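>>> make a model of this:
(one chain, ligands or ions: 2)
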Amino acid sequence: MSQVVTETMVRVEDVHKSYGTRAAAVHALRGVSFEVPRGELVALEGRSGSGKTTLLNIVGGLDTPDRGRVVLDGRDLAELDENGLLALRRDHVGFVFQSFGLIPILTAAENVGVPLRLRRADPREREERVELLLSLVGLADHAAQRPGELSGGQQQRVAIARALANSPSLLIADEPTGQLDAETGHAVMELLRAVVRSEGVTALVATHDATLLDLADRVLELSDGVIVER
Ligand SMILES: Nc1ncnc2c1ncn2[C@@H]1O[C@H](COP(=O)(O)OP(=O)(O)OP(=O)(O)O)[C@@H](O)[C@H]1O
Ligand SMILES: [Mg+2]
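Ligands and ions are numbered 1, 2, ... in the order given. Reported below is the predicted structural model:
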């Protein structure tokens with residue numbers, strides 16, 4: 001990404017997104033604008049269907065807006081071709097999903113190492129980074145276990161470690177505690193809050209979890225495809 005250090009990590013300007021054809025079109029986003037300053041943790045709240053996933057996918061370069069623009073760390077996503085977007089997602093954005101998205105046949109350590117393999121990192125460097133990340137999320141003693149041998153909260157911590165593997169500038173999480181009980185969810189949210197501080201990463205997290213809403217630097221509320229005042 002750009003070498004110039006920008007104060008604004010994410011800038012979203014008047015983003016619109018519709019699905020389907022004219023008569024049956026669903027207007028998922030209807031003119032969304034906001035900024036996320038570098039190093040902040042911003043929570044994105046809103047009812048089911050309000051457009052949270054659509055917005056996160058567009059900010060992370062997984063989908064493109066119909067109108068408006070997204071600038072990540074000074075880089076306008078509209079200027080990137082497919083390969084450019086792929087490299088951006090691989091090297092600068094870490095994703096955490098509600099369903100964890102771990103590879104079942106790989107151990108916790110191997111799952112965390114996947115992004116580093118994709119980047120063809122030196123094996124020695126990779127192992128050191130994986131060890132550090134597993135310690136960071138409190139799973140140093142569980143490195144050899146496969147996802148099916150871990151609790152839901154532990155699996156999500158592995159997913160967070162994996163998302164941080166390539167030292168992304170932006171961490172995007174879509175309801176990361178949606179499949180966890182309240183207590184485990186709180187622990188995962190507190191972990192997210194802690195890694196945003198310790199890793200100096202910026203995070204945009206869709207959630208209904210009151211813990212994170214309290215821990216967030218800022219809360220944005222989406223309602224029917226627009227940001228509303230809370
Ligand atoms: N691929 C798609 N095709 C058609 N409509 C879609 C598609 N993806 C999302 N939508 C519609 O866009 C709107 C916003 O969906 P989105 O998934 O962004 O909501 P959300 O806030 O993430 O909801 P939830 O809290 O249930 O995850 C919804 O009305 C949804 O039906
Ligand atoms: Mg969603």
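>>> residues near Arg117, how many?
Here the count is done by other CB atoms under 10 Å, and Arg117 has 12 residues near it. Backbone N, C-alpha and C define where each C-beta goes, glycine included.
>>> which one is it nearest to, not counting chain neighbours?
Arg126 (7.0 Å; CB to CB, 6 or more residues apart in numbering).
>>> show me the shaky parts of this protein.
Residues of the chain that meet the criterion pLDDT under 70 lie in 1-6.
>>> what about the strands in it?
Taking DSSP state E, the strands of the chain run over residues 8-19, 26-37, 41-45, 67-72, 75-76, 93-96, 170-174, 202-206, 218-223, 226-228.
>>> now for Leu139: which residues touch it?
Applying CB atoms under 8 Å, 6 or more residues apart in numbering to Leu139 gives the contacts Ala108, Gln154, Arg157, Val158, Ala161.
>>> wouldn't the second one be in contact with Asp141 here?
No - taking contacts as CB atoms under 8 Å, Gln154 lies outside contact range of Asp141: 10.5 Å.
>>> comparing the two, which residue is more hemmed in?
Per other CB under 10 Å, whichever of Gln154 and Asp141 has more neighbours is Gln154, with 20 against 9.
>>> picking that back up, give me the neighbour count for the residue nearest to Arg117.
Look at Arg126: counted by other CB under 10 Å, it has 20 neighbours.
>>> for it, what are its contacts?
Arg126 makes contact with Gly113, Leu116, Arg117, according to CB under 8 Å, 6+ apart.
>>> what residues of stretch 18-37 count as buried?
Buried residues in stretch 18-37, defined by neighbour count with 16 or more other CB atoms under 10 Å: Ser18, His27, Ala28, Leu29, Val32, Phe34, Val36.
>>> which residue does this structure have closest to ligand 2?
Thr53 (3.2 Å; CB to the ion).
>>> so that residue makes contact with Gly178?
No - counting by CB under 8 Å, Thr53 stays clear of Gly178, with 11.0 Å between them.
>>> neighbour-wise, which of these two wins?
Of the pair Thr53 and Gly178, Thr53 is the one with more neighbours under other CB under 10 Å, namely 19 against 15.
>>> if I look at the more buried one, how far off is Asp63?
9 Å (CB to CB, to the nearest Å).
>>> how about the residue nearest in space to the middle of the chain, nearest residue that isn't a chain neighbour?
Nearest to the geometric centre of the chain sits Ile172, at 1.4 Å (CA atoms, centre = their mean). Spatial nearest neighbour of Ile172, chain neighbours left out: Gly60 (4.7 Å); criterion: CB to CB, 6+ apart.
>>> tell me the contacts of the closest residue to Phe95 other than its chain neighbours?
Counting by CB to CB, 6+ apart, the nearest residue to Phe95 once its immediate chain neighbours are dropped is Ile172, at 5.4 Å. Contact partners of Ile172, counting by CB under 8 Å, 6+ apart, are Leu56, Val59, Gly60, Val93, Gly94, Phe95, Val96, Ala203, Leu204, Val205.
>>> bridge partners for Ile172, pull those for me.
When bridges are called by DSSP bridges, Ile172 pairs up with Phe95, Leu204.
>>> burial count for Leu164?
23.
>>> for it, give me phi and psi.
Dihedral angles of Leu164 (phi, psi; degrees, to the nearest 10) stand at phi -90, psi 0.
>>> doesn't Leu133 make contact with it?
Yes - proximity of Leu164 to Leu133 meets the contact threshold set by CB under 8 Å, at 5.9 Å.
>>> relative to Leu80, how far out is Val70?
According to CB to CB, Val70 stands 10 Å off from Leu80.
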